[in-house]
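# A structural model of the following input is requested.
(chains A and B)
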Amino acid sequence: MNEEQFKAIFELTGYRQQDFSVCLGCKICASVCTVNDLSPSVNPQDILLSLFLGHEVNSDHALVHYCTNCYRCTNACPWGIRIPEVIRALRESLALESTFERAFKGSLKIWGRVYEPYIFMKTGVFLLKEGYLKYMPKWTEYMSFHLPHGVRRLSSQGGPSDSKGRL
Amino acid sequence: MNILVIGGGISGISAAKVALRGGHDVTVIECTSEPGGLMARIANCRVGFKTFFDEITDKPRLTVIRDARIAKVEKRENIFTIILEDGQSIRADRVIVAAGLSPYDPVEYKGKRVLTSLEYDAVIDQRNGDLPADFEKIGFFLCVGSRSKEYPLCSSVCCSYTLREVKWTLQRAKPEITVFYNDLRFFGQEFLMEKAYRDAGVRFVRANSRYFEEDDDGVTVRYFAGGDLKEERFNYVVLAIGLRPSPELERLSGLFGFSRDQFGFAVEKEPLKTDAEGVYVAGGSIEPMSIKDAILTGFGAAVRAVGDGGRHLSEPLEGKVYTEIPADLPDIDKSHASYLFYLGTEDPWMKMFYEYVSGRFIALARELRLLGKTVCVVSRNMVVPSYGEIEYEKARREGVVFLHLEEEDSITFLENEARIARKDRETVLAIDKVIRFDDYLRLFDGKDFLIQFRSEPQLRWSPTKWSREKYHTGFIRYPRAERWARREFYGALGEILLDVEEERVLPEVSEDRCSGCGSCKDACPHDAIEMEMREQQVALFGPNVVSGASIAHVKEGSCVGCGLCAATCPSHVISYPM
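Numbering: from 1, shown residues only, chains lettered A, B, ... in the order given. Sure, this is the predicted structure:
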């Protein structure tokens, strides 16, 4: 970790390098972490320890990629360490943010609120190239579920029932 | 002198006992309907408390006021006038505050199968009938509601209490037990118990969890150990809840004018004495402590309260108290750039020094860290109970790196490096100087620590007694943090006061037949037999040759009349007068 990364973390979370030392190593955060459902060897405490020791945090660390910001770790942590915020700062300093995230933050920085034209300007190209067009076939498939014939078919299967599905 | 004891828990009753023996009038105020406090809520300690309390219930100088709360306190010329809520008023010269501890309530986790340790105690209580039908797999989780941001102290007794609950559980049934811990902070011989239960199949996992998914027939728990997330089903989950100062203590500090620290415990200006004149403090109002220590501080507070009025404690009493100043390692070479402290051993007899060595390690590590060195502490068990945890936190904040070894991890020391082998990876630390737990053990060599020689129950009711003539306190009783040494000194004085001359029969040695083999001396648990040298004529005829021969002699002061010597003597020389 270099000085700049710690600066980025400090700006976003208010934690300095030595503040990560309060971690007791109880691994409560790992026990409640939602990312562990995806890849079962994620331990947020690892990231805290390597931050404290000044070691490099790999950009392919599962937690850095998949953290859902659910704050369950913070809620359960005896010391209330705000791990999601640290991860967010890491993501920013490792340039792992998506175009959307960057556009949202930029908009907030300039206007203090979400300003759609700006976001659209920033993300339009990305949306067209990788968003809409790329996933268009899947979207149509998903939408077809809501088409009238599909609805009719589903409701006719269950037999006579009232509006709440009870017999 | 009138002594007022606030709180009828174990420390309050111990204080009352010593004060009564000193010939003073004692009033105990208890806010519930029956004295007992936290100790009487533990099923297996209920009888112990009752026996202890029954010894003084019939004393005419004792008044116990139940269901009472203090409304107002007036102080004039060093005499307190205490007015209770029902209008009753009490005069007292000295006040001993023993308000006790209140257990933390983890409402966010509790359920029908997720129990607190006190609730679980009711489950395994024999008085409440049979155990539940599904009692096959039980998980214990330590450090709930302590060692956290809002309450950074370690409650110091939850580990020991959990171990006792494991014991009581195994006495009644044979479930599969797993203990999840951060650090196992046992006292003294409990490490031997831990070893015994490990051998009996109790699993210890160095991890903690807050993922408890409860349904009708069990609790799903997730925990992270050995580099992986694991999921297990338990029939019952027990949370070892932390102990916090009693909420009453806040009110009492306002009434009596003594100050409390940031964690809510009473501040000790002198050992067992608050900063308000005439107010003394015992037990859980000082810090979270075990029953042994609560009794000890109860004794001590009473001695201080009674003795502080100008009348000094008699010299022979203090002469019986024996202590030792702990030595320290010769100066550690401070010229290296990086240091590693390794706190770990396999020998359960040596583990009882964890507490002392942990404290020393943290002090040393902080000292070295202030000099700008890289300091790393690798530990299997960091035993820093109650206020020790604050020092631990300070060290962490100052930049000392603490690495925790899990059960399967191992560490090897090579030249200038240390390798920590974990299940999935290996960490290599570049280290110039390694200071190990074993280096410290020579400080304890050849010393007779009371805690090694007395069994656990003996230590509870007579916490400092070595023999009738000698009471151990401080380092030589049990090596731990320094603040305990002075408290133990007063506690020992209280214990001496309590030790009445009971009716006892002393054994007689027929000296002409004693061969001086010394087997009685080895057998005596109270150190009451010494071998005396007697002059003896060797030959009946010829030159007059006199030589020395040893003969057993019973020291009257130390002997308790147990009869072990008479039973051991190979030539039946020691006997009891019929």
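
# Could you list the domains of chain A?
Domain ranges of chain A: A:3-93, A:99-157, per automatic domain parsing.

# Turn these into CSV, including mean neighbour count, distance to B:Leu296 and mean pLDDT.
Heads up, the C-betas are built off the backbone N, CA and C, glycines and all. Below are these laid out as CSV (neighbours: other CB atoms under 10 Å in any protein chain shown; distance: least, CB to CB, whole Å; pLDDT from 0 to 100):
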stretch, mean neighbour count, distance to B:Leu296, mean pLDDT
domain A:3-93, 19, 29, 86
domain A:99-157, 12, 60, 74
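
# Quick check: which of these is nearest to chain B?
domain A:3-93 (3.5 Å; CB to the nearest CB).

# who in chain A is up against chain B?
With CB under 8 Å from any CB of the partner chain as the criterion, chain A meets chain B at residues A:18-19, A:21-22, A:24-28, A:30-33, A:36, A:40-43, A:52-53, A:76, A:78-80.

# So which of the residues you listed are in helices?
A:28, A:30-32, A:52-53, A:76 (DSSP state H).

# From these, pick the one nearest B:Lys174.
Checking those against B:Lys174 with CB to CB, the nearest one is A:Ser31 at 27.4 Å.

# Who is B:Ile79 paired with across the strands?
B:Arg76 (DSSP bridges).

# for it, what are its contacts?
B:Ile79 is in contact with B:91-93, counting by CB atoms under 8 Å, 6 or more residues apart in numbering or on different chains.

# same question, B:Ala421
Here B:Ala421 is in contact with B:409-412 (CB under 8 Å, 6+ apart).

# same thing but 7 Å
B:409-410 (CB atoms under 7 Å, 6 or more residues apart in numbering or on different chains).

# could you show me where the helices are in chain A, in order?
Under DSSP H, chain A gives helices at A:3-13, A:28-32, A:44-53, A:62-66, A:72-76, A:83-93, A:99-111, A:116-126, A:133-144, A:148-157.

# Tell me the secondary structure at B:Ser358.
helix (DSSP: H, G, I helix; E, B strand; the rest coil).

# Quick one: neighbours of B:Met193, just the number.
B:Met193 is flanked by 17 other residues according to other CB atoms under 10 Å in any protein chain shown.

# after the worst-scoring helix or strand of chain B on mean pLDDT, next one along is what?
Taking mean pLDDT, DSSP states H and E as the measure, the helix or strand of chain B with the lowest value is helix B:315-319, at a mean of 73. As assigned by DSSP states H and E, the chain's next helix or strand after helix B:315-319 is strand B:321-322.

# okay, the following helix or strand past that next one in CSV with CA atoms only?
Remark: after strand B:321-322, the chain's next helix or strand is strand B:338-343, criterion DSSP H and E. Only the C-alpha atoms of strand B:338-343 are listed here, as CSV (Å, rounded to 0.1, in the frame of the first residue of the first chain):
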residue,chain,number,x,y,z
SER,B,338,12.7,-6.1,15.1
TYR,B,339,11.4,-8.2,17.9
LEU,B,340,9.0,-11.1,18.1
PHE,B,341,7.3,-12.2,21.3
TYR,B,342,6.0,-15.7,21.3
LEU,B,343,3.4,-16.6,23.9
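
# Are strand B:338-343 and chain A in contact anywhere?
No - using CB under 7 Å from any CB of the partner chain, strand B:338-343 stays clear of chain A, with a minimum separation of 12.7 Å.

# Next, the residues that contact the helix or strand following that strand from outside, please.
Later in the chain than strand B:338-343, the nearest helix or strand by DSSP H and E is helix B:348-351. Helix B:348-351 is contacted from outside by B:191-192, B:194-195, B:345, B:441, using CB under 7 Å, 6+ apart.

# Go through those residues and name the one nearest B:Ile431.
B:Thr345 (19.1 Å).

# The closest one: what's it in contact with?
Residues in contact with B:Thr345 (CB under 7 Å, 6+ apart) are B:351, B:437-438.

# same thing but 8 Å
With contact set as CB under 8 Å, 6+ apart, B:Thr345 has these partners: B:351, B:380, B:437-438.

# can you list the domains in chain B?
According to automatic domain parsing, the domains of chain B span B:2-100+B:246-319, B:114-243, B:338-443, B:508-575.

# Compare the mean pLDDT across the ones you listed and name the weakest.
Sorting the domains of chain B by mean pLDDT places domain B:508-575 lowest, at a mean of 81.

# Measure how far it is from the centre of its chain, please.
38 Å (CA atoms, centre = their mean, to the nearest Å).

# what about the one residue sitting closest to the centre of chain A, distance to A:Tyr15?
Chain A has A:Thr68 as the residue nearest its centroid, 3.6 Å off, counting by CA atoms, centre = their mean. Look at A:Thr68 and A:Tyr15: by CB to CB, to the nearest Å, they are 20 Å apart.

# Also B:Phe353?
From B:Phe353 over to A:Tyr15 the distance is 36 Å, taken as CB to CB.

# With A:Thr34 instead?
For A:Thr34, the distance to A:Tyr15 - CB to CB - is 22 Å.

# And A:Glu56, by the same measure?
Distance from A:Glu56 to A:Tyr15, counting by CB to CB: 18 Å.

# How about B:Phe53?
Taken as CB to CB, the span from B:Phe53 to A:Tyr15 is 51 Å.

# now do B:Leu368
To A:Tyr15, B:Leu368 is 25 Å away according to CB to CB.

# hmm, back to that, I'd like the ones in helices among the residues of chain A next to chain B as TSV, with distance to B:Phe49 appended.
As requested, these are exported to TSV (distance: CB to CB, whole Å):
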residue	distance to B:Phe49
A:Ile28	35
A:Ala30	41
A:Ser31	37
A:Val32	39
A:Phe52	46
A:Leu53	49
A:Ala76	36
